[in-house]
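Colleague: dropping a prediction and its sequence here:
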Amino acid sequence: MSVRLIALDIDGTLLNSSQELPDANRAALSRASGRGVEIALVTGRRFDFAMLVADKLDLPLTMIASNGAVIRSTAGQTHLRQLLPAATAKKVLQHTRQWRDGAAVIFDRPGSPQIMLENFAPDDSVRYWYYTRNKAYIGMADSLESCVTEEPLQVLFSGTVARMREVETALRGLPFAGEYAIAATVYEQKDFTMIDVVHPDVSKQAALATWAGQRGIPRAEIMAIGDNHNDLGMLSFAGTPVVMGNCVPELKKFGWHETGTNDEAGVASAIEHFVLSEAASCV
């Protein structure tokens, strides 16, 4: 069956390792959109942060942000929003104090602050890239618990791979672990990991399934492209799962199609192979 929906991760997939959008990816997505294929950016990024990439594409898009907590149009119309209960967020923070230097609470609200921190180190090389691109949305709190006066999108932990493994192990072992879900994004080469604690029903897979159902698009007609642990669910759901050449080793165990790396415009290659060449053969 032909592909009617492309579900596309951003970091490590659509963007290259310099966080740039390759011209080949932009051109392939434009051609696919011109043939009537729907495109959804499915990302761990907040909506506003993801829109920095969407604006460069200048195409009709659906934004599935915050690992599936939000489905929103590029114009800002919200189709789905699932927030982490405030009580759960506070309990998570109270049980992870030893990793507080890498913690943040993220809210889905207009303007600033959307990202609340207890401390901010301008010379923190591990988080420098994220901080500098989101500084307009960052606010400071005496304690993160005190800022949870409304339901957040997520509690975020970031830091070295080893330190975040400690956080993930601790989170999975808490007695109330059923009150939340965990999404991990790991960059071994950069020695950097992000752990998102979200509503228990939130995942990229669940959001993609919801959106596809609303659009009347069966799984067989969805292609998903991703590179990291938090993409596993949506790749498993899609009829055509494609992993990047630079993906984490765990994703290569399933025998899915492997395209080029993000520095080789692997997204463009996958779209050409599974979408454009098929469509061209049907003309």
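Modeller: Perfect, I can see it now. All values derive from a computational prediction rather than experimental measurement.
Colleague: low-scoring stretches of the protein, by residue?
Modeller: 1, 278-283 (pLDDT under 70).
Colleague: try it again with 90
Modeller: Along the chain, segments meeting pLDDT under 90 span 1, 101, 110-112, 119-136, 189-190, 277-283.
Colleague: now the helices: where do they sit in the stretch 101-250 of the chain?
Modeller: Applying DSSP state H, counting those that start in this stretch to the stretch 101-250 of the chain gives helices spanning 128-134, 144-147, 161-172, 204-215, 232-237.
Colleague: could you dump these to TSV with mean neighbour count and distance to V42?
Modeller: No exception for glycine: its C-beta is placed from N, CA and C like everyone else's. Shown next, in TSV, are the helices of the stretch 101-250 of the chain (neighbours: other CB atoms under 10 Å; distance: least, CB to CB, whole Å):
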stretch	mean neighbour count	distance to V42
helix 128-134	15	19
helix 144-147	18	27
helix 161-172	16	21
helix 204-215	20	5
helix 232-237	21	6
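Colleague: closest one to L8 among those helices?
Modeller: helix 232-237 (9.7 Å; CB to CB).
Colleague: how far does that closest one sit from the chain's center?
Modeller: 13 Å (CA atoms, centre = their mean, to the nearest Å).
Colleague: and for stretch 214-223?
Modeller: 20 Å.
Colleague: now that stretch - C-alpha only, CSV.
Modeller: Listed next in CSV are the C-alpha coordinates belonging to stretch 214-223 (Å, rounded to 0.1, in the frame of the first residue of the first chain):
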residue,chain,number,x,y,z
GLN,A,214,-8.6,10.8,13.4
ARG,A,215,-7.3,11.1,9.9
GLY,A,216,-8.6,7.7,8.8
ILE,A,217,-5.1,6.5,7.9
PRO,A,218,-4.3,2.8,8.6
ARG,A,219,-1.0,1.7,10.1
ALA,A,220,-0.1,0.1,6.8
GLU,A,221,0.0,3.5,5.1
ILE,A,222,2.3,5.2,7.7
MET,A,223,6.0,5.5,7.3
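Colleague: not counting sequence-adjacent ones, nearest residue to K91?
Modeller: Excluding its sequence neighbours, the residue lying closest to K91 (CB to CB, 6 or more residues apart in numbering) is F176, at 6.0 Å.
Colleague: that neighbour against K90, yeah?
Modeller: No. Here F176 does not reach K90: they are 11.1 Å apart, not a contact under CB atoms under 8 Å.
Colleague: more neighbours: the two, which one.
Modeller: K90 (17 against 11; other CB atoms under 10 Å).
Colleague: so which bits of stretch 191-203 are buried?
Modeller: F192, T193, M194, I195, D196, V197, V198, H199, V202, S203 (16 or more other CB atoms under 10 Å).
Colleague: hang on, I meant stretch 93-110
Modeller: For stretch 93-110, using 16+ other CB under 10 Å, the buried residues are L93, T96, W99, G102, A103, A104, V105, I106, F107, D108.
Colleague: can you list those in CSV and add distance to Y187?
Modeller: Shown next, in CSV, are the buried residues of stretch 93-110 (distance: CB to CB, whole Å):
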residue, distance to Y187
L93, 24
T96, 21
W99, 18
G102, 14
A103, 19
A104, 17
V105, 22
I106, 19
F107, 25
D108, 25
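Colleague: returning to what we had before: show me the buried residues of stretch 191-203 that map onto strands.
Modeller: F192, T193, M194, I195, D196, V197, V198 (DSSP state E).
Colleague: which elements pack onto the host helix or strand of I6?
Modeller: Using DSSP states H and E, I6 falls within strand 5-8. With contacts taken as 3 or more CB pairs under 8 Å, 6 or more residues apart in numbering; DSSP states H and E, strand 5-8 sits against helix 23-34, strand 38-42, helix 204-215, strand 222-226.
Colleague: now do the last one: distance to the chain's middle.
Modeller: Taking CA atoms, centre = their mean, one finds the center of strand 222-226 at 13 Å from the center of the full chain.
Colleague: which ones are touching V197?
Modeller: Residues in contact with V197 (CB atoms under 8 Å, 6 or more residues apart in numbering) are L84, A89, V92, Q154, V155, L156, F157, L171, Y180, A181, I182.
Colleague: related to what we said a few turns ago, need the max-distance pair from the ones in strands among the buried residues of stretch 191-203.
Modeller: Among these, F192 and V198 lie farthest apart (CB to CB), at 19.4 Å.
Colleague: what's the neighbour count on the closest residue to H257 other than its chain neighbours?
Modeller: Excluding the flanking residues, the one nearest H257 by CB to CB, 6+ apart is V242, at 4.9 Å. The number of residues packed around V242, counting by other CB under 10 Å, is 25.
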